[in-house]
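S.K.: For reference, the sequence and a predicted model appear below.
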Amino acid sequence: MPADLRMVAATATAPLAWGTTYVVTTELLPADSPLWSGVLRALPAGLLAVAMGRRLPRGRWWWRAGVLGTLNIGAFFALLFVSAYRLPGGVAATLGATGPLVTAGYALLLLGEPPTRWRLAWGGVGVLGVALMVLGPDAGLDAVGVLSGLAGVVAMSAGVVLTRRWGRPVAAVPFAGWQLTAGGLFLVPVAVLVERAPPALDASAAAGFVVALAAVVAGQVAPGRARPRRAGLARPVPRRGAGVMPAGGGTGSC
């Protein structure tokens, strides 16, 4: 396989893995436990990645890992699962597709990179394309779900740009482990306060968390040095390919 195709395949692994979230959440995971779902998806994967990477943060990277973990994992997971529980998959996918545009705005504010017309145009086309692919005529809107979906995009886009600004001090596996562990630990007290005890897990829910854990590991430590911002537009593919949308998403008219 040519090097460029290998890079594209590796880059697409992360959004394709994340794209399983909505199907797994609506079909397998316990209902009404978005915070504990985030904890159980992030913390085990983080501890596993830290053990595999055998590196801990040093100096200022303790607080930086905490900030990135909160934005990329803790806040994002909580908001992602709230959105997944309350919105049809197609609506949630369309909200997620705004990520490249939000990232471009953060890049202007934090990195001084003005967005090019091509970047803005492709970002807009991406949102339209995802909407045409996964939105059906019966797609419903829930205010809390919509706000959660948009807030999740804002949080993770900030984390992406801060990662570019600060760089990555270690290899991908330990770096992902730091963030997943920090994000999971951030969510634990929030989950205890809001949802009390963790949900009971039956065989279906346990299988769902295994799939979710595998998706996190694949998405966070996928090989490849480059991850284009538009790669996130691949997230709806697993939902569409899975029959998609038992939870009210559909395929668009195009």
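M.R.: The structure has been received and is ready for your questions. Residues are numbered from 1 along each chain as shown.
S.K.: Tell me the span between the first and last residue of stretch 109-121.
M.R.: Start-to-end span of stretch 109-121 (CA to CA, to the nearest Å) is 19 Å.
S.K.: which residues are in contact with that stretch?
M.R.: 100-101, 104-105, 107-108, 161-162, 164-165, 229 (CB atoms under 8 Å, 6 or more residues apart in numbering). Bear in mind the C-beta positions are built from the backbone N, C-alpha and C, glycine included.
S.K.: Quick check: the farthest pair among those residues?
M.R.: Using CB to CB, those span at most 18.7 Å, a distance reached by Leu101 and Arg165.
S.K.: More neighbours: those two, which one.
M.R.: Leu101 (19 against 11; other CB atoms under 10 Å).
S.K.: For the chain, which segments count as strands?
M.R.: Counting by DSSP state E, the chain has no strands at all.
S.K.: Give me the below-cutoff pLDDT ranges for this protein.
M.R.: Residue ranges of the chain with pLDDT under 70: 1-31, 89-90, 129-140, 205, 208-254.
S.K.: how many neighbours does Arg196 have?
M.R.: The burial count for Arg196: 10, using other CB under 10 Å.
S.K.: pretty sure Val91 contacts Leu150?
M.R.: No. Using CB atoms under 8 Å, Val91 makes no contact with Leu150, being 11.2 Å away.
S.K.: Those two - which one has more neighbours?
M.R.: Ranked by neighbour count (other CB under 10 Å), Val91 and Leu150 place Val91 first, with 26 against 16.
S.K.: Quickly note the distance from the more buried one to Ala143.
M.R.: 12 Å (CB to CB, to the nearest Å).
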